[in-house]
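Colleague: Generate coordinates for the sequence data below:
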Amino acid sequence: MADDVEPSAECVNDVARCDIYILILANRYGFIKDDANPDRFSVTELEYNAAVANDKSILAFFADTASTLEGDTGSKAEVEEKKKKLAAFKQKVQNSKMMHPEGFTNPYHLALQVAESLIKRFSLEAQIQSRIDYNKIYWCDREKQDSFFDKKRRDIKEPLQFYLIKCHENDMPHFFIERKKLEFEEREIKTIDLLVQPAVLEDDTDYESVEFAIKKAILKEWNKMTVFAKHKFRDEDEVTPQKAIKVLEALQEYEYLLIAWNIQSIYWKNDKLQEHISMFYKKCCDLNSIIKTTKKIFFIGMLTYTDGSPLTREQFDQRIRNIEYGNVFPEFPLIKTEDIKQWLIQNEIEDNPEDQKTIIVSSVPDKNRDAYFMSELEKPLRTILEKVYLQS
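Modeller: Numbers count the residues shown, from 1 in each chain. You can find the predicted model right below:
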């Protein structure tokens, strides 16, 4: 693909996007670009520095000291400079203890070392991941929203309850849904959760089409669940709150059914969808007067703004402002570094203030910012859990 990006800059950008950086050093230091390179590093060393700066996994392989592989070419002065730089570069890598203990002697030997190291690396990662509780990520912030939901859940006696989340898609509201499921499990409240994505069309101007889309999405996810193997819906007409309650009562040990649906901002071309969602709420809510049960179904609507939508964020917020759908969650704010510190403490991950600071600074995506979307923090939070585990 043709572009106007300088090759050396593109190499560094590729490193920033990779998962594992493999460094191979033999007898050549390599090309040194003249522009914006005061330390006169080779492109390879610039790549390596980028890998270190981006906290990448690095696997380094050196040629055997007796190797006869080709060295640098050029004037005597250039060759001497590169020889010294190569020695310093190798020493820098060796000091980091990242290199394979044995030098390679030929391309086949190198291929064997790389394959061996990757297998060991993935095996170690698999062992680590099996011992780390990654579910702790779901507990990062969202305390206000958690308390809001628990209080409403306790105070509202009706079997059908309705909640609305308005946020950006990068707030990842489905993480909150997963958090509630895990919390219920900890409290030994057996819960079934369905996350559905109704295929609402832009030109759906009648309520029946929107209701059908919601029922179709619920049917699809419901029939995938092993727990419903003997209670599958045959068609969309069977997808009703009354039928869902009967299934919960038949299963006995399950107390809650949590149905979360998401409609993104790209579908909000007019105010009809707002009316239809409110109608869906009113129609289901009216059933509370005739359903008698101790079971509960939580309908959680997630209205998410997506970058690139035809609406601005302000226009989207204005359009969904007056939707009637029960209880509206408090705003999902950006997550601050202080919130991450509290997460480290509350989940018994790291209680030393200095270590907390070091871990956070080395893991967050942008050290010049103090607040992030959850989507920006998902991978850094995983990295923090892995670092703390390895240090322990």
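Colleague: surely residue 132 meets residue 389?
Modeller: Yes - in terms of CB atoms under 8 Å, residue 132 counts as a neighbour of residue 389; the distance is 5.3 Å. Heads up, the C-betas are built off the backbone N, CA and C, glycines and all.
Colleague: which parts of the helix or strand residue 62 falls within are buried?
Modeller: Secondary-structure assignment from DSSP states H and E places residue 62 in strand 57-62. Residues of strand 57-62 classed as buried: 58, 59, 60, 61, 62 (neighbour count, 16 or more other CB atoms under 10 Å).
Colleague: Domain boundaries for this protein, per the record?
Modeller: Per automatic domain parsing, the structural domains of the chain span 7-130, 137-328, 335-391.
Colleague: Rebuild the ones you listed as CSV, extending it with mean pLDDT.
Modeller: CSV is the format used below for the domains of the chain (pLDDT from 0 to 100):
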stretch, mean pLDDT
domain 7-130, 85
domain 137-328, 91
domain 335-391, 91
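Colleague: re the thing from before, go ahead and name everything in contact with the strand holding residue 62.
Modeller: With contact meaning CB atoms under 8 Å, 6 or more residues apart in numbering, strand 57-62 is reached by 19-26, 48, 51-52, 90, 93, 96, 98-100, 103-104, 110, 113-114, 117-118, 121.
Colleague: What is the helix or strand that it is followed by packed up against?
Modeller: Per DSSP H and E, strand 57-62 leads on to helix 76-95 as the next helix or strand towards the C-terminus. Judged by 3 or more CB pairs under 8 Å, 6 or more residues apart in numbering; DSSP states H and E, helix 76-95 is in contact with strand 20-25, helix 43-53, strand 57-62.
Colleague: first to last residue in stretch 195-208, what's the distance?
Modeller: Stretch 195-208 has an end-to-end distance of 21 Å (CA to CA, to the nearest Å).
Colleague: hang on, I meant stretch 189-209
Modeller: The first and final residues of stretch 189-209 sit 35 Å from each other (CA to CA).
Colleague: shift numbering so it begins at 51
Modeller: Happy to do that; since the first residue is 51 now, the last one works out to stretch 239-259.
Colleague: Dump the C-alpha coordinates for the strand holding residue 112 into PDB.
Modeller: Extracted C-alpha coordinates of strand 107-112, given in PDB (Å, rounded to 0.1, in the frame of the first residue of the first chain):
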ATOM      1  CA  SER A 107       6.900  -8.200  25.100                       C
ATOM      2  CA  ILE A 108      10.400  -8.500  23.600                       C
ATOM      3  CA  LEU A 109      12.300 -11.600  22.400                       C
ATOM      4  CA  ALA A 110      15.900 -11.000  21.400                       C
ATOM      5  CA  PHE A 111      18.200 -13.300  19.500                       C
ATOM      6  CA  PHE A 112      21.900 -12.700  18.900                       C
END
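Colleague: tilt between it and helix 93-103?
Modeller: Following axes from the mean of the first three to the mean of the last three CA atoms, to 10 degrees, one obtains 150 degrees for the angle between strand 107-112 and helix 93-103.
Colleague: and strand 107-112, how far from the chain's centre?
Modeller: Remark: strand 107-112 is offset 27 Å from the chain centroid, using CA atoms, centre = their mean, to the nearest Å.
Colleague: Then stretch 59-70?
Modeller: 20 Å.
Colleague: Show me what counts as buried in it.
Modeller: Residues of stretch 59-70 classed as buried by neighbour count (16+ other CB under 10 Å): 62, 65.
Colleague: before we move on, what about stretch 238-245?
Modeller: 241, 242, 243, 244, 245.
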